[in-house]
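Trainee: Give me a 3D structure for the following:
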Amino acid sequence: MTPARTRMTAALRELRSRTGLSLAALAERTAYSKSSWERYLNGKTLPPRRAVQDLCRLAREPDGRVLALWEMAEAEWSGRAARPAPPSAPASAPTQASASASEPGVAPPPAGSRGRSRPRAGGRLLVVLAAVGVVAVTGGAAALLLPRPDAEPRAASAPAGPRCHGGACEGQDPMHMLCGGGPDTLTAHRTTTGARVELRHSGKCGAGWARMWGTRVGDRLEVTAGGPTRRARVEDEVDTESYVYTSMTAARSGAVLRACFRPAAAADGRRECFEGRVGGTEATTRPPSPR
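Mentor: Numbers count the residues shown, from 1 in each chain. Predicted coordinates:
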């Protein structure tokens, strides 16, 4: 993988981690499949520009920096990146062939036209203008990555508020409803299989949910606050490498959220349950119990 693609892939993985979304959830919220996101986030395929913008939107991140990385990666991928001039080209009078090879974005002349004769003035002017255009474009991309010392910091755009509250959040996706930004972690639990489970609550949304990671295919998780039970299941190997979370259940201050983890290996249906109180500081962990 080229250096530019490596940097861009690392930026995409960071954004995906910030969203807390599984690949399946990314597929639901964008026009790209789960397998496509797996290839994009592992650097196997260069993502479309639209996919990069969609991921930035889901992570609530301005897309300028990541798109600049994408531009450089795309240039390397497509072969438009700058190439060094051939060492045999004379410095005093570059030919059309050597000028084309040394300037990115300028198509080489057809086969058979790589003569040593001096190009016409009009041809040289076109090459120079093309070179100026490329320098302006690459300079613009660099400006996005390197802050100017005299530039004033931009004011952060006001984050969008949640899209639901209380009962309206029942059964909704916490990320899609913008409840996943800065929630409280009521308690965290490490299961006997090594999986990690957290109870989460958003005061702005008045709802809670549970999430798990370090899981195995077939692991299940459910959460309730005395009302409906919301569930999640690890569907495949892709899910084992990311967060898998339940939908939300309404939970006001003082409510007790209860999560139960059922490992796929538990043939007898045993599960591990624990609780957390909204606005409280203590959590109760219960031993594995039969279904």
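Trainee: quick one, strands of the chain?
Mentor: All strands of the chain, identified by DSSP state E, fall at 184-190, 196-202, 207-213, 220-224, 230-233, 244-245, 249-250, 256-262, 271-277, 283-289.
Trainee: can you tell which of those strands is closest to residue 172?
Mentor: Distance to residue 172, taken as C-beta to C-beta, is lowest for strand 207-213 among those, at 7.7 Å. C-beta coordinates here come from the backbone N, C-alpha and C atoms, glycine included.
Trainee: so what secondary structure elements neighbour the closest one?
Mentor: Applying 3 or more C-beta pairs under 8 Å, 6 or more residues apart in numbering; DSSP states H and E, one finds that strand 207-213 makes contact with strand 196-202, strand 220-224, strand 230-233, strand 244-245, strand 249-250, strand 256-262.
Trainee: Could you tell me the least trusted of those?
Mentor: Here the helices and strands packed on strand 207-213 differ in mean pLDDT, and the lowest is strand 244-245 at a mean of 85.
Trainee: Sheet-wise, list the partners of it with their directions.
Mentor: Paired with strand 244-245 in the same sheet, following DSSP bridges, are strand 207-213 (antiparallel).
Trainee: can you put the strands of the chain in CSV and add distance to residue 161?
Mentor: Formatted as CSV, the strands of the chain follow (distance: least, C-beta to C-beta, whole Å):
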stretch, distance to residue 161
strand 184-190, 17
strand 196-202, 11
strand 207-213, 14
strand 220-224, 24
strand 230-233, 23
strand 244-245, 21
strand 249-250, 17
strand 256-262, 23
strand 271-277, 25
strand 283-289, 29
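Trainee: so of these, which one's packed in deepest?
Mentor: strand 207-213 (a mean of 27; mean count of other C-beta atoms under 10 Å).
Trainee: Dump the helices and strands packed on strand 207-213 to CSV, plus distance to residue 187.
Mentor: Formatted as CSV, the helices and strands packed on strand 207-213 follow (distance: least, C-beta to C-beta, whole Å):
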stretch, distance to residue 187
strand 196-202, 5
strand 220-224, 12
strand 230-233, 17
strand 244-245, 15
strand 249-250, 16
strand 256-262, 9
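Trainee: and residue 26, which of the strands of the chain is closest to it?
Mentor: Across these, closest to residue 26 is strand 244-245 (C-beta to C-beta), at 12.7 Å.
Trainee: residues making contact with that closest one?
Mentor: 20, 22, 174, 200, 209-213, 215, 221, 232-234 (C-beta atoms under 8 Å, 6 or more residues apart in numbering).
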